[in-house]
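Participant: what shape does this take:
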Amino acid sequence: MPWQALVDAAMLLLWGAMLLRFTVTGQLYLLLHPDYMWLAHLAMVLLLAMGAARIVQVWSGYRQGGWPAPRSQEHVALMPRQLSVGLLIAIAVFGLIYTPRPFGSETAFQRGITDVLGQTRSRPQRFSLGGDSEDRTIVDWVRTLNVYPEPDAYGGQVAKVSGFVAHIPGWPDEYFMISRFVLTCCAADAYPVGLPVELPPGTP
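Facilitator: Just a heads-up that it's a prediction; the model follows:
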């Protein structure tokens, strides 16, 4: 029985199923920048197709009553094959049961939420007040303020942003930061950006 081929098929199908789960549930957006979604989707299709093709190959050999001779390894591996395949299967199984969660204020504090203003990693080269102010995201507002930090220029403009609220230690009670994380590539390099907010007097 070609157990090695079956294990290979299981590994490919598990990785494809993991990417499929993250795609269907929408959790892939918590882990990867939208610009790279097509790569994850392509990898998902290829992994599932390769796993299915491997199973078909094994089944065809079984029906014909013989198995192809195992191929000799012609490459140098950093780890024994059994160990590397077992590690890949374990990671895929973990991915199937793990539920990614959005970053919160605790992670933002760890990654420097108090220093986000003036330190966004993508800086525009010119200033423009065009467009509806309600359509600007937190990132748009932070970048705009970095380029033109004049409060009077934004008088009467409505800001409609979404994010999580974080109260910075040492700030007065009427001040807080509304923040969100930005993915440059994946969740590993996510960094927080935020806007300080002052509550109107008398707000509970």
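Participant: how close does Asn146 get to Val158?
Facilitator: To Val158, Asn146 is 20 Å away according to CB to CB, to the nearest Å. Where you see a C-beta, it was placed from the backbone N, CA and C, and this is true even at glycine.
Participant: pick out whichever of those two has more residues nearby.
Facilitator: Comparing Asn146 with Val158 by other CB atoms under 10 Å, the one with more neighbours is Asn146, at 15 against 9.
Participant: what helix or strand is the more buried one located in?
Facilitator: Here Asn146, judged by DSSP states H and E, is contained in helix 138-147.
Participant: flag every buried residue along that helix.
Facilitator: By 16 or more other CB atoms under 10 Å, the buried positions in helix 138-147 come out as 138-139, 141-145.
Participant: touching, Ile138 and Pro196? I think so.
Facilitator: No. Between Ile138 and Pro196 there is no contact under CB atoms under 8 Å: 11.4 Å.
Participant: how about the contacts made by Asp189?
Facilitator: Contacts were defined as CB atoms under 8 Å, 6 or more residues apart in numbering; by that measure Asp189 touches Leu183.
Participant: Gly16: how many residues sit nearby?
Facilitator: 21.
Participant: got the domain boundaries for this protein?
Facilitator: The record's domain parsing of the chain by automatic domain parsing lists 3-67+78-97, 105-198.
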